[in-house]
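S.K.: Below are the sequence and a predicted model; questions follow.
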Amino acid sequence: MTEIQAGPGAAVSAAPVSGDVPAIELDNVVKEYVSHGEVVRAVKGVSLAIAEGEFFSLLGPSGCGKTTSMRMIAGFEDPTQGVVRLHGEDVTNVPPNKRDINMVFQSYALFPHMNVWDNVAFGLKRKKVPDAEIKRRVGEILEVVDLTGREKRRPKEMSGGQQQRVALARALVNRPRALLLDEPLGALDLKLRQAMQIELKRIQREVGITFVYVTHDQSEALTMSDRIAVMNDGLVEQLAEPREIYERPASKFVAGFIGTSNLLSGTVQQVAGDTAVLALGASDRILVPADGALSTGATVDLTVRPEKIKIAKEQPEGDLSVVRGTVAEVVYLGTYNSYVVVLGDGAEITVFEQNAHDSTITAERGDTVWLSWQPWHSYALR
Ligand SMILES: Nc1ncnc2c1ncn2[C@@H]1O[C@H](COP(=O)(O)OP(=O)(O)OP(=O)(O)O)[C@@H](O)[C@H]1O
């Protein structure tokens, strides 16, 4: 079992290593509920493997099946079909209390009449762990969650973020092999949530325990995760590292759900080497990596992120994707300007322009502008 150690630099997380037995596996798992005589397919066949020590997120919109998937890992729901494995062992029919997994929820469910120390020590006392060991383990874990010195406080004397750290300490002190977190920061305001995201990642690194994190907040998942499974309608649409999900979304759904994305559609005019040339409007030309899959005449949906696009009043030169349009909206947002540009065919493109050197706006509403980006910044979608 993974040891929890406290103190600066005490423990280092186990990075996911391919070839090892996964900490958690869902193998073609289906979950159906019967609700008012109708069958609801909450999870429609999910397979995934989570590595030991990984920070893994299940990300998707409300109702996509994230919580149901997590509850099947914990053992609170039985799959209708499929297998759940923990460290290679089939636990599909093993009850939750025999799974060596703990869960943290959005509602902290702390005992209000107990102080921090007693809240964290509660489970160990119940298991009749010797007093000296309780003292050491609670002390260690309070140090990890940065609550040393606040042992005597009651939950109501603490902020939401501190209470959530107590809940985390209470789960971690049992040294589970994995911790499941269901929207644990959902009740906190934005600033605190952002601070806690960094904290959670640090804590996970220090204790080296596998974390499975359920969220509908894409920035939260991008900030903390080693890998993300993006779910939609009971299925995993893409499972990859945050950068891959953002830079190379596997589907229209993922491109639209993660960050701001421009979706365009064009016809392949020509394939030259590993680049396809797409036509949109009369003067527009878009270059897309062809990957051997695009042929002349095919219609292609593609995505390009707003921050990859350069906006200019003159036509740019070079081997770039270039489209021309009219500025419909300009918004000054401090660190960047946001433009909405309407192309000849009516398609709208959002462009983010960093205010890195000065804060002048390149174009005003009604101006004709040229938008350009590097070929590898367009990405053809399936
Ligand atoms: N006990 C249940 N009985 C019937 N239907 C259920 C039950 N639990 C979940 N569902 C349905 O299964 C689907 C998936 O629910 P689930 O809670 O897993 O989604 P989610 O992605 O976690 O959503 P949210 O972010 O809103 O919690 C939804 O359509 C939901 O209504």
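M.R.: Thanks, I have it. Residues are numbered from 1 along each chain as shown.
S.K.: which residues touch the residue nearest to the spatial centre of the chain?
M.R.: Using C-alpha atoms, centre = their mean, the residue of the chain that lies closest to the mean C-alpha position is residue 221, 2.4 Å off. Going by C-beta atoms under 8 Å, 6 or more residues apart in numbering, residue 221 touches 57, 59, 213, 215, 228, 242. To be clear about C-beta, it is placed using only N, CA and C from the backbone, and glycine gets the same treatment.
S.K.: which ones among these are found in strands?
M.R.: Mapping the contacts of residue 221 onto strands (DSSP state E) picks out 57, 59, 213, 215, 228.
S.K.: For the residues you listed, give me TSV that also has neighbour count, pLDDT and distance to the ligand.
M.R.: Shown next, in TSV, are the ones in strands among the contacts of residue 221 (neighbours: other C-beta atoms under 10 Å; pLDDT from 0 to 100; distance: C-beta to the nearest ligand atom, whole Å):
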residue	neighbour count	pLDDT	distance to the ligand
57	27	97	12
59	28	97	9
213	27	95	12
215	23	94	8
228	29	97	14
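S.K.: what's the closest of the residues you listed to residue 203?
M.R.: Of all the ones in strands among the contacts of residue 221, residue 203 sits closest to residue 213, with 12.1 Å by C-beta to C-beta.
S.K.: gap between the closest one and residue 145?
M.R.: Counting by C-beta to C-beta, to the nearest Å, the separation of residue 213 from residue 145 is 16 Å.
S.K.: Residue 185 now?
M.R.: The separation that residue 185 has from residue 145, given C-beta to C-beta, amounts to 14 Å.
S.K.: Show me what the helix or strand hosting residue 45 is packed up against.
M.R.: Secondary structure from DSSP states H and E places residue 45 in strand 38-50. With contacts defined as 3 or more C-beta pairs under 8 Å, 6 or more residues apart in numbering; DSSP states H and E, the secondary structure elements packing on strand 38-50 are strand 24-35, helix 66-74, strand 81-86, strand 227-232, strand 235-240.
S.K.: Give me the angle between it and strand 227-232.
M.R.: 160 degrees (axes from the mean of the first three to the mean of the last three C-alpha atoms, to 10 degrees).
S.K.: Which residue is it, in the stretch 151-300 of the chain, that comes closest to the ligand?
M.R.: For the stretch 151-300 of the chain, the residue positioned closest to the ligand under C-beta to the nearest ligand atom is residue 216, at a distance of 5.0 Å.
S.K.: Neighbours of that residue, how many?
M.R.: Residue 216 has 18 neighbours, counted by other C-beta atoms under 10 Å.
S.K.: need the contact list for it.
M.R.: Contact partners of residue 216, counting by C-beta under 8 Å, 6+ apart, are 59-62, 66, 183.
S.K.: ok, of these, which come out buried?
M.R.: The neighbour-count criterion (16 or more other C-beta atoms under 10 Å) marks 59-60, 66, 183 among the contacts of residue 216 as buried.
S.K.: Which of those sits closest to residue 98?
M.R.: Top of the list for closeness to residue 98, among these and by C-beta to C-beta, is residue 66 at 23.8 Å.
S.K.: What pLDDT is listed against that closest one?
M.R.: Confidence at residue 66, expressed as pLDDT, is 96.
S.K.: Tell me how far it lies from the ligand.
M.R.: As judged by C-beta to the nearest ligand atom, to the nearest Å, residue 66 and the ligand stand 4 Å apart.
S.K.: Hmm, that residue is touching residue 60, no?
M.R.: Yes. If you go by C-beta atoms under 8 Å, residue 66 and residue 60 touch, sitting 5.6 Å apart.
S.K.: Burial check on residue 207, number of neighbours?
M.R.: Going by other C-beta under 10 Å, the residues that sit close to residue 207 add up to 26.
S.K.: pretty sure it contacts residue 140?
M.R.: No. Taking contacts as C-beta under 8 Å, residue 207 lies outside contact range of residue 140: 9.8 Å.
S.K.: Residue 199 contacts residue 146, doesn't it?
M.R.: Yes. Contact status for residue 199 versus residue 146: in contact at 7.4 Å, counting by C-beta under 8 Å.
S.K.: ok, the two, which is more surrounded?
M.R.: Set side by side, residue 199 and residue 146 show unequal neighbour counts under other C-beta under 10 Å, the larger going to residue 199 at 19 against 14.
S.K.: what's near enough to touch the nearest residue to residue 152 once chain neighbours are set aside?
M.R.: With sequence-adjacent residues excluded and distances taken as C-beta to C-beta, 6 or more residues apart in numbering, residue 152 is closest to residue 115, at 5.1 Å. Taking C-beta under 8 Å, 6+ apart as the contact definition, residue 115 lies against 151-154.
S.K.: Tabulate these in CSV, adding columns for neighbour count, distance to the ligand and pLDDT.
M.R.: What follows is those, written out as CSV (neighbours: other C-beta atoms under 10 Å; distance: C-beta to the nearest ligand atom, whole Å; pLDDT from 0 to 100):
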residue, neighbour count, distance to the ligand, pLDDT
151, 16, 34, 92
152, 10, 36, 94
153, 17, 31, 94
154, 15, 30, 93
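S.K.: With secondary structure as new columns, can the residues you listed be given to me in JSON lines?
M.R.: Formatted as JSON lines, the entries for these read as follows, by DSSP: H, G, I helix; E, B strand; the rest coil:
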{"residue": "151", "secondary structure": "coil"}
{"residue": "152", "secondary structure": "coil"}
{"residue": "153", "secondary structure": "coil"}
{"residue": "154", "secondary structure": "coil"}
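S.K.: Determine which two of those are furthest apart.
M.R.: Using C-beta to C-beta, the contacts of residue 115 reach their maximum pairwise distance at 151 and 154, which is 11.0 Å.
S.K.: For the two, list the residues in contact with both.
M.R.: Counting by C-beta under 8 Å, 6+ apart, the residues touching both residue 151 and residue 154 are 115-116.
S.K.: All good on my end, thank you.
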